[in-house]
Each structure stands twice: as C-alpha cells, then as structure tokens.
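Peer 1: Output the structure for:
(one chain, ligands or ions: 1)
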Amino acid sequence: MLVDVDEVLGMFMRGFEAWVGRHGLEMRFDRYALFQNIFRPGESEHVDVEVGRDLLNQFFAGPVEHMDPVPGAVAALRELSRQGTVVILTNAPAHSREPRSRWLTKHGFDYPQVVNSGLKGPCVAALAARTLGRTAFIDDLLTNLDSVATAAPYVARFQLVADERMRAMAPAAPERHARIDDWDEMGKAIAAALQGE
Ligand SMILES: [Mg+2]
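Peer 2: The predicted structure follows:
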C-alpha cells in the first residue's frame, strides 16, 4: 500500500498553523486553501501568497519534524504491514527529506519512502507494476486520487483528511474514491481491499 504523509499520517495543517503563529500570523479555515488562509490578526485580507510560500518552505526545512502523527495511523499501518508492504509516498520537497525521514522514524512509520513531485498517478502505476498483489493508495487530495484512477485504475483508492476543520471543505468524490477520515476504520477497509473483498 502506498500512503501519503501530510494530512494522512501527519497533522500537517496543525503543524503549519503553529509555525505560522510563531510569525505573528494566524490561519482561518473558512475555505479549502493554504496560503489564502493566512492572515494578520484583525485583518480581513489574507497576506500575500508569497509570504505563505516562504513560510511553507521554511516549515518543510525543519519544523515539519515536530508535527503530530494522526491518531490511529501508527497502529493501523503496523497491523497492515503484516499483510503487505507499506511504502510512504510523499510530495515533500527535496530540502525536507532529512526532517521528514526523522519524523517518520521517530513516530514508528519506519517504512520505505518514495519522494514524488507532481500528480501521483504515474508514480503509483510504476510502483503497483512491481507487485503481483493488490495495491491500495491513500491520500487527502482529490487531484492525486483522480490521477491514480486514470493512471492505475486497478489500484484501490482511499481518501483521508486528518484535520477536522478541513474535512467538510475538502473536495471529494466518494463514488470514485472511498472516503474514510478515521484510521481504525481505514485500516479495516484497506485490509479488506487487499484481500480482494
Ligand atoms: Mg497530503
């Protein structure tokens, strides 16, 4: 199974929000966005998106190491790893490789890591071709799920959005990709899909 990190294994939005807060800014969650959700306290216009982009780059360079794991994720993957191979499939930028790896190890996500860039469909197709067994793909972003549906339609697809504030706003297509925001339930659904149920 191929598992995303941010908003799937790690509470990315909460971690980034804390980082933004350390710079005297705040995040508001009234739309599904990242940079456009960053404000100076008391102001109604979001800060320039370049400010957000810089903060994100800095966050990935180090502070990302301190985000919390998503509840239930460690135990679910540990259980699933008895049934098949777990591979971490992240789009984190190259300069985040070391803090990201340390974070994964520290929290017990001690699985091989593949760093992708751009939509994940082609990468998932290439990785799925290396196993005779069934493959499952778990991500928070509809664009990646759609990309996998196109490039590797035989891969079982699951969407999980960890941040409770983003769940209702996150674009989803449950008729195409199973939507499960809880890792206990997700673990069982993945296990069933890998067994061909
Ligand atoms: Mg993600």
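
Peer 1: for this structure, what spans make up the helices?
Peer 2: With helices called from DSSP state H, the chain shows them at 12-21, 49-61, 73-80, 97-106, 121-128, 142-151, 164-167, 183-194.

Peer 1: Is any residue of the longest one near the ion?
Peer 2: Think helix 49-61. No. Using CB under 5 Å from the ion, helix 49-61 never reaches the ion; the gap is at least 12.6 Å. Where you see a C-beta, it was placed from the backbone N, CA and C, and this is true even at glycine.

Peer 1: What angle do helix 12-21 and that helix make with each other?
Peer 2: Relative orientation of helix 49-61 and helix 12-21, computed by axes from the mean of the first three to the mean of the last three CA atoms, to 10 degrees: 110 degrees.

Peer 1: okay if I get the helices of the chain as TSV plus mean neighbour count and mean pLDDT?
Peer 2: Shown next, in TSV, are the helices of the chain (neighbours: other CB atoms under 10 Å; pLDDT from 0 to 100):
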stretch	mean neighbour count	mean pLDDT
helix 12-21	20	97
helix 49-61	16	97
helix 73-80	18	98
helix 97-106	16	94
helix 121-128	19	97
helix 142-151	19	98
helix 164-167	15	96
helix 183-194	18	97
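
Peer 1: Give me the domain ranges for this protein.
Peer 2: Split into domains by automatic domain parsing, the chain comes to 2-11+67-194, 13-66.

Peer 1: Around the ion, pick out the residues from this protein.
Peer 2: Residues of the chain lying close to the ion (CB under 5 Å from the ion) are 4, 6-7, 140.

Peer 1: mind running it again at 6 Å?
Peer 2: Contact residues (CB under 6 Å from the ion) of the chain with the ion: 4, 6-8, 139-141.

Peer 1: Filter those residues down to the buried ones.
Peer 2: Listed as buried from the residues of the chain next to the ion are 4, 6-8, 139-141; burial here means 16 or more other CB atoms under 10 Å.

Peer 1: So for the residue of the chain found nearest the ion, what's the pLDDT?
Peer 2: The minimum distance from the chain to the ion, using CB to the ion, falls at residue 6 (3.9 Å). Looking at residue 6, its pLDDT is 97.

Peer 1: in terms of contact, does it touch residue 140 like I think?
Peer 2: Yes. Using CB atoms under 8 Å, residue 6 is in contact with residue 140, at 7.3 Å.
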